[in-house]
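[1] Could you work out the structure for the sequence below:
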Amino acid sequence: MKPNNKNISRAEQVRLRRMQQTAQRVTLTRKTVFRPETVFLPVTPRPSKPARLPGRKAGWQSVKKSRKHYDIAFTMGRTNVRAPAIALPQLGPRLISALLCAGLLFAFYILFNSSTFLVNAAEISGNQRLSGGEINAALSIIGHPIISAIPTQIEANLLDAFPDLAVVEAHIAFPNRVIVSVTERMPLIAWYQNGTLAWIDSDGVAFPPRGQSTNLINIIATGNPPQVQPDLHDANAIPPSSAFMEATMVQAILNLSAQIPEGGSMIYDTTYGLGWEDLRGWKVFFGQKTDDVPLKQKVYQAIVATLANQGIHPSLISVEYPDAPFYRMDQ
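    Residues are numbered from 1 along each chain as shown. Below is the predicted model of the structure:
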């Protein structure tokens with residue numbers, strides 16, 4: 001209900017008009033503005049308290065009490081941003097294992113059947129008397145896949161097949177290379193026994209003669225030399241199964257060969273040991289060991305001179321023991 005403007009002064013009218021305008025602005029603000037502290041996650045709406053209008057009279061300070069206003073909280077929306085990607089298939093452990101097994105089987109099939117991995121011939125180096133064909137024939141890997149070639153087995157096979165090889169080194173290189181390096185034994189002695197000939201090197205190893213070799217010491221033997229005893233203190237010693245005689249006996253033969261008269265032939269007897277056939281018609285023996293050849297040589301010359309003065313022609317003279325030499329005559 002509007003007041004009667006006739007009974008109110010002009011100043012009072014202006015004041016009342018301003019109060020009405022202020023009340024209208026407050027009502028509009030309550031409809032469009034909310035307090036920041038009410039912005040939370042969605043909860044039960046809470047009614048707000050009615051605003052109090054400025055003024056002296058209570059009738060102008062209240063707004064329509066029949067209308068209820070609520071502060072509504074809402075969430076700020078979220079944006080789900082995804083980067084472009086390639087979808088990969090999910091492989092289980094069994095499928096992965098099956099693929100690996102299939103790949104390995106295919107690789108083994110290629111290694112065993114492809115001509116790229118078949119050995120044509122081994123590359124041989126270091127051989128002098130042995131030919132490459134003989135070595136390749138002993139290897140028995142021609143036409144086989146390279147994966148079946150084992151270096152240690154190749155070395156063992158060659159050492160067993162050729163006793164005249166001192167060292168064998170084998171290497172494998174893909175796709176089909178077999179590289180073999182050998183070192184042959186150098187013969188020092190030509191050993192004749194029971195109609196057969198064998199060459200012997202400085203280690204006492206006997207092997208079949210191959211080709212030609214000069215400056216060998218020829219020995220005619222009636223039997224095998226003493227059995228080789230294993231050396232338990234030397235890991236690099238030749239095993240008894242490979243050596244024909246002791247290395248010390250080889251050195252004894254070399255020492256004694258320098259004492260043989262020109263034209264004489266060296267001999268070996270299982271009973272009397274090493275010696276030679278003198279051109280004057282008898283045999284002289286220095287025993288199994290010739291570690292004191294100069295002394296034995298002096299004793300031998302003294303015995304020969306004594307027998308010559310006495311007109312004795314012996315068939316055998318032994319100086320194996322210098323303090324107890326003896327001679328034997330044919331009956």
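[2] Please count neighbours and contacts with C-alpha atoms only from this point.
    Fine.
[3] Give me the neighbour count for L99.
    L99: 12 surrounding residues under other CA atoms under 10 Å.
[4] Can you name the residues in contact with the helix or strand harbouring V178?
    Under the criterion of DSSP states H and E, V178 resides in strand 177-184. Strand 177-184 is contacted from outside by 119, 121-129, 146, 149, 164-173, using CA atoms under 8 Å, 6 or more residues apart in numbering.
[5] Let's see that with 6 Å instead.
    With contact meaning CA atoms under 6 Å, 6 or more residues apart in numbering, strand 177-184 is reached by 122-126, 164-172.
[6] Quick one, which of those residues are buried?
    Listed as buried from those are 122, 124, 164-165, 168, 170-172; burial here means 16 or more other CA atoms under 10 Å.
[7] S115: which of those is nearest?
    Nearest to S115 among these, counting by CA to CA, is A122 at 15.7 Å.
[8] Among the contacts of strand 177-184, which lie within helices?
    When DSSP state H defines the helices, the subset of the contacts of strand 177-184 inside them is empty.
[9] I'd like to know which elements the helix or strand following the strand holding V178 is packed against.
    Using DSSP H and E, the helix or strand that follows strand 177-184 in sequence is strand 189-193. Helices and strands touching strand 189-193, by 3 or more CA pairs under 6 Å, 6 or more residues apart in numbering; DSSP states H and E, are strand 196-200, strand 217-221.
[10] so strand 189-193 versus strand 217-221, what angle?
    If you take axes from the mean of the first three to the mean of the last three CA atoms, to 10 degrees, strand 189-193 sits at 20 degrees to strand 217-221.
[11] and strand 189-193, which residues are buried?
    Those would be 189-192, for strand 189-193 by 16+ other CA under 10 Å.
[12] Figure out how far stretch 138-150 is from the centre of its chain.
    Its chain's C-alpha centre and that of stretch 138-150 lie 20 Å apart, by CA atoms, centre = their mean, to the nearest Å.
[13] which parts of that stretch are buried?
    Those would be 139, 141-142, 144-147, 149, for stretch 138-150 by 16+ other CA under 10 Å.
[14] so how far does that stretch reach from one end to the other?
    Stretch 138-150 has its terminal residues 14 Å apart, counting by CA to CA, to the nearest Å.
[15] and if you look at stretch 187-199?
    6 Å.
[16] Distance from the chain centre to it, please.
    Its chain's average C-alpha position is 42 Å from that of stretch 187-199, according to CA atoms, centre = their mean.
[17] where in this structure is pLDDT low?
    1-8, 26-91, 230-241, 331 (pLDDT under 70).
[18] which residues in it form helices?
    Using DSSP H, helices in the chain cover 10-32, 93-113, 132-139, 151-161, 247-257, 293-310.
[19] List the neighbouring strands of the strand holding V178 plus their orientation.
    Its sheet considered, strand 177-184 pairs with strand 123-125 (parallel), strand 165-173 (antiparallel) by DSSP bridges.
[20] quick one on the thing from earlier: from the buried residues of stretch 138-150, which is closest to N255?
    Relative to N255, the closest of the buried residues of stretch 138-150 is L139; by CA to CA it sits at 39.3 Å.
[21] tell me the domain ranges of this protein?
    110-184, 224-328 (automatic domain parsing).
[22] out of the ones you listed, nearest to T214?
    Between those, domain 110-184 lies closest to T214; by CA to CA that is 13.5 Å.
[23] First-to-last residue distance for that closest one?
    Note: domain 110-184 ends 37 Å apart using CA to CA.
[24] Tell me how far it lies from the chain's centre.
    On CA atoms, centre = their mean, the centre of domain 110-184 falls 19 Å from the chain's centre.
[25] Ok, stretch 218-229 next?
    44 Å.
[26] now stretch 177-194
    30 Å.
[27] Quick one: end-to-end distance for that stretch.
    Stretch 177-194 end-to-end distance (CA to CA) = 44 Å.
[28] coming back round to it: minimum distance to G273: which of the helices of the chain has it?
    The nearest among those, by CA to CA, is helix 247-257 at 10.2 Å.
[29] Please work out the angle formed by the directions of the closest one and strand 217-221.
    110 degrees.
[30] what packs against helix 247-257?
    Counting by 3+ CA pairs under 6 Å, 6+ apart, helix 247-257 packs on no helix or strand.
[31] What are the contacting residues of that helix?
    So helix 247-257 is contacted by 203-204, 290 (CA under 6 Å, 6+ apart).
[32] of the residues you listed, closest to I317?
    When those are compared against I317 (criterion: CA to CA), the nearest one is T290, at 15.2 Å.
[33] Report the contact partners of the closest one.
    A252.
[34] what number of residues lie near L105?
    Number of residues near L105 (other CA under 10 Å) recorded here: 12.
[35] Over to A252?
    20.
[36] Please apply the same query to D269.
    By the measure other CA under 10 Å, the count of residues near D269 is 17.
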